[in-house]
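Peer 1: just a sequence and a predicted model for now, questions to come.
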Amino acid sequence: MLLSELQIAVNEVIEQLAESLSFIEHNKARLQPETYAQLAPLLRQRQQNLARLTLYAREHLRTRPRAPDLEREDLETLVSHLKALFGSPQQAVLQEFYTYQNNINQALVVLNQELTSEIRSQNIELMQMLQHLETEKTQMQAFLAGTLASCETLN
């Protein structure tokens, strides 16, 4: 079955959200407890957004998102560990997570490009989910920018 451009774009957003959550789950022990405590509400919000978007993709777009690439995630975790040898473990994790966030941002841009005015008017639920994702994106970027800046001043 060939997927439409909209299905591909939604799947890419889902995959990027899932990979970012998986990365943090594998690396949360390398974050300071207070940093993780600040990040946790944003991660819960991301998990909820991911669950809603995945359900929407299955029910309305008749597609099943790909499973996260575990080998790639393992390799990225290894690279993050190597980077931590030359700096703080927390900073290495947050910098890698920032890369995941950029991938999510790019996937959202592509998805928004695929949304014609007809799709927008017929898919109110999808548009509401995208608004939630945009809000989360803004909050996550602010958190990462502030936390990474404080990590750099400590080094």
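Peer 2: Nice, thanks for sending it over. All values derive from a computational prediction rather than experimental measurement.

Peer 1: excluding chain neighbours, what is closest to the most centrally placed residue in the chain?
Peer 2: Central residue of the chain (C-alpha atoms, centre = their mean): residue 17, 3.3 Å from the mean position. Once flanking residues are discounted, residue 17 sits nearest to residue 50: 4.4 Å by C-beta to C-beta, 6 or more residues apart in numbering. No exception for glycine: its C-beta is placed from N, CA and C like everyone else's.

Peer 1: identify each buried residue in the longest helix along the chain, please.
Peer 2: Using DSSP state H, we find that the single longest helix of the chain is helix 124-154. Buried residues in helix 124-154, counted by 16 or more other C-beta atoms under 10 Å: 126, 129, 130, 133, 136, 137, 140, 143, 144, 147, 148, 151.

Peer 1: pLDDT and distance to residue 69 added to the residues you listed, as TSV?
Peer 2: Below are those laid out as TSV (pLDDT from 0 to 100; distance: C-beta to C-beta, whole Å):
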residue	pLDDT	distance to residue 69
126	90	25
129	92	24
130	93	24
133	94	21
136	94	23
137	94	22
140	94	22
143	94	25
144	93	23
147	91	26
148	89	25
151	81	28
